[in-house]
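Chemist: What would the 3D arrangement of this be:
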Amino acid sequence: MAIFIWLFIGLFIAYLASVCYSHTMASRRSNDQTLSYTREDLLLYRSVDHNLPVDLTDFLRAKRVESKRRRKRDHRGGVRQRLRRRGCRPPLPAIILSNVRSPQQKIEELRIKAKACFEYREAGLLMLTETWLRPEMPSSLIERFLRIFVLFPGHKPVRAIKEEFHRIAEFLLGFPNVVGCIDGTHIPIIAPSENEADYVNRRSIHSINVQIICDAAHLITNVEAKWPGSVHDSRMYCESTLSNRLERGEIDGFLLGDRGYPCRPTLITPYPEPEPGPQCRFNVAHCRTRARVEMTIGLLKARFQCLRHLRVTPERACDIIVAYVVLHNIAIISGEQHPALQIQDPEEDPINPADFQDGRIVRDTICRNVFTD
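Modeler: A predicted model of the protein is given here:
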């Protein structure tokens with residue numbers, strides 16, 4: 001009887017040992033990474049030599065890496081190849097994600113797409129990462145994007161730009177031959193360590209004076225962000241490259257500006273003391289049309305609140321302003337919703353430069369031919 005008892009105890013101990021061992025092995029297997037094999041993996045394993053080891057892990061991992069490299073090599077060919085394969089379908093993907101800290105591979109792609117589809121309506125989102133504004137970001141890369149997205153007189157034909165401006169004041173027969181509206185705006189900055197007095201504007205605030213030209217759709221077509229706050233708007237325009245292009249007749253049309261600019265054949269300003277009748281109608285149509293640039297500057301500052309005060313050096317502030325102008329144009333092109341706009345009443349410039357004689361002749365001709373009953 002004692003023999004059977006000891007035999008039963010031995011079997012029970014062996015059973016407990018086997019259960020404990022099974023539980024330990026199961027827990028170890030649960031801690032390991034689970035591997036799943038697709039149908040393609042199993043077919044791939046079946047098609048190779050059957051002398052391979054039974055463990056599929058290393059084999060399949062190596063095959064996946066090799067297949068990914070082969071697929072990458074086969075699909076390489078650049079944006080022109082991809083656009084050619086798409087045929088007549090929209091050339092833009094749903095999302096374009098570009099880290100502009102290393103944009104060499106994206107510049108040509110964006111340039112081609114800007115020419116192929118100006119409106120960019122087929123794209124859901126064009127995202128530029130914030131590394132664009134880091135101090136180590138070279139200015140040359142920002143200038144490349146500037147040449148793509150900020151063009152004068154614009155991406156559209158000149159005739160279409162003039163028609164859009166003409167429709168603004170159509171109730172007064174419209175303002176003819178306008179290719180852009182110009183104005184200056186001050187971006188406050190901290191007091192620089194060098195040449196501090198040059199950056200103090202007429203409000204006794206340190207700032208960068210920025211020249212903005214826009215079209216009727218609030219797209220900024222030209223930006224000059226390099227002048228200290230003490231420089232007057234008229235000097236910025238006179239020394240700009242765009243002024244020389246207009247004077248040489250490269251662009252058919254003229255700009256609209258306020259009384260802070262002298263009246264020129266290429267830059268029309270309102271009458272300082274209009275007489276009742278055609279001159280008053282001229283000034284009203286001029287004011288309604290030129291208001292687009294004030295709205296554009298308000299949209300730019302409302303979309304990027306940091307432009308109300310930049311705590312950087314003047315050189316870095318100029319790069320940031322240009323970068324935000326490019327981002328503003330991208331937002332307009334992609335159809336982003338306008339932010340809440342609060343336009344402040346423009347402050348009269350105490351300095352009114354004298355008008356040019358030929359500028360007054362052009363202004364009187366427009367007033368007589370368009371706004372006379």
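Chemist: From now on I want contacts and neighbour counts done on CA atoms only, so please keep to that.
Modeler: Fine.
Chemist: Count the residues that sit near E143.
Modeler: Applying other C-alpha atoms under 10 Å, we find 15 residues neighbouring E143.
Chemist: Packing partners of the helix or strand that contains it?
Modeler: E143 is part of helix 139-149 when elements are defined by DSSP states H and E. With contacts defined as 3 or more C-alpha pairs under 8 Å, 6 or more residues apart in numbering; DSSP states H and E, helix 139-149 has these neighbours: helix 104-116, helix 314-333.
Chemist: Compare those helices and say which comes out lowest on pLDDT.
Modeler: If you rank the helices and strands packed on helix 139-149 by mean pLDDT, helix 104-116 sits at the bottom with a mean of 54.
Chemist: Break down the stretch 151-300 of the chain into its helices, ranges please.
Modeler: 158-168, 233-238, 241-247, 278-303 (DSSP state H, counting those that start in this stretch).
Chemist: Which positions within the second one qualify as buried?
Modeler: What that stands for is helix 233-238. By neighbour count with 16 or more other C-alpha atoms under 10 Å, helix 233-238 contains the buried residues 233-234, 236-237.
Chemist: And for the first one?
Modeler: Judged by neighbour count using 16+ other C-alpha under 10 Å, the buried positions of helix 158-168 are 158, 161-168.
Chemist: Quick one: residues contacting the nearest residue to F145 once chain neighbours are set aside.
Modeler: Nearest residue to F145 in three dimensions, chain neighbours excluded: V326, at 7.1 Å (C-alpha to C-alpha, 6 or more residues apart in numbering). Residues near V326 by C-alpha atoms under 8 Å, 6 or more residues apart in numbering: 145-146, 149-150.
Chemist: Tell me how many other residues surround A197.
Modeler: 14.
Chemist: before we move on, the earlier item: what about the helices of the stretch 151-300 of the chain, which gets the closest to P339?
Modeler: Comparison of the helices of the stretch 151-300 of the chain against P339 by C-alpha to C-alpha identifies helix 278-303 as nearest, at 6.0 Å.
Chemist: same for that closest one, what does it pack against?
Modeler: Applying 3+ C-alpha pairs under 8 Å, 6+ apart, we find helix 278-303 packed against helix 158-168, strand 178-188, strand 207-214, helix 314-333, helix 357-370.
Chemist: Ok, which of the ones you listed comes nearest R290?
Modeler: Closest approach to R290 among the helices and strands packed on helix 278-303 is made by strand 178-188 (5.6 Å; C-alpha to C-alpha).
Chemist: Give me the sheet partners of that closest one and which way each runs.
Modeler: Partners of strand 178-188 in the sheet, by DSSP bridges, are strand 207-214 (antiparallel), strand 254-256 (parallel).
Chemist: what would the ones you listed look like in TSV with mean pLDDT?
Modeler: As requested, those are exported to TSV (pLDDT from 0 to 100):
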stretch	mean pLDDT
strand 207-214	96
strand 254-256	95
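Chemist: returning to what we had before: tell me which of the helices of the stretch 151-300 of the chain lies nearest to T266.
Modeler: The closest of the helices of the stretch 151-300 of the chain to T266 is helix 241-247. By C-alpha to C-alpha, the value is 6.3 Å.
Chemist: for the stretch 1-150 of the chain, which spans come out with low pLDDT?
Modeler: 1-140 (pLDDT under 70).
Chemist: Rebuild the helices and strands packed on helix 278-303 as CSV, extending it with distance to L141.
Modeler: Below are these laid out as CSV (distance: least, C-alpha to C-alpha, whole Å):
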stretch, distance to L141
helix 158-168, 28
strand 178-188, 22
strand 207-214, 20
helix 314-333, 10
helix 357-370, 39
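Chemist: Which one of these lies nearest to E294?
Modeler: That would be strand 178-188 among these, by C-alpha to C-alpha, at 7.4 Å.
Chemist: And for the closest residue to L246 other than its chain neighbours, the neighbour number?
Modeler: Sequence neighbours aside, T266 is the residue nearest to L246 in space, at 6.3 Å (criterion: C-alpha to C-alpha, 6+ apart). By other C-alpha under 10 Å, the residues close to T266 number 23.
Chemist: F371 versus T266, what's the distance?
Modeler: From T266 over to F371 the distance is 19 Å, taken as C-alpha to C-alpha, to the nearest Å.
Chemist: Check T365 too.
Modeler: T365 is 10 Å from F371, by C-alpha to C-alpha.
Chemist: Would you mind giving the secondary structure of A354?
Modeler: Assigned with DSSP: H, G, I helix; E, B strand; the rest coil, A354 falls in the coil class.
Chemist: and it, what is it in contact with?
Modeler: Contacts of A354 by C-alpha under 8 Å, 6+ apart are 262-263.
Chemist: isn't T221 right next to V150, touching?
Modeler: Yes: contact between T221 and V150 holds when scored by C-alpha atoms under 8 Å: they sit 5.0 Å apart.
Chemist: who's in contact with the closest residue in space to A225 that isn't next to it in sequence?
Modeler: Distances taken as C-alpha to C-alpha, 6+ apart place V210 nearest to A225, at 4.7 Å, with adjacent residues excluded. The contact partners of V210, by C-alpha under 8 Å, 6+ apart, come to 184-187, 223-227.
Chemist: same thing but 10 Å
Modeler: Shown in contact with V210 (C-alpha atoms under 10 Å, 6 or more residues apart in numbering): 183-187, 223-229, 231, 233, 236, 318, 321-322.
Chemist: who's in contact with F282?
Modeler: Applying C-alpha under 10 Å, 6+ apart to F282 gives the contacts 172-175, 270-271, 274, 363-364, 366-368, 370-372.
Chemist: Closest one to T289 out of those residues, please.
Modeler: Once C-alpha to C-alpha is applied, the member of the contacts of F282 that ends up nearest T289 is F175, at 7.4 Å.
Chemist: can you list the domains in this structure?
Modeler: For the chain, the structural domains run 90-149, 150-370, going by automatic domain parsing.
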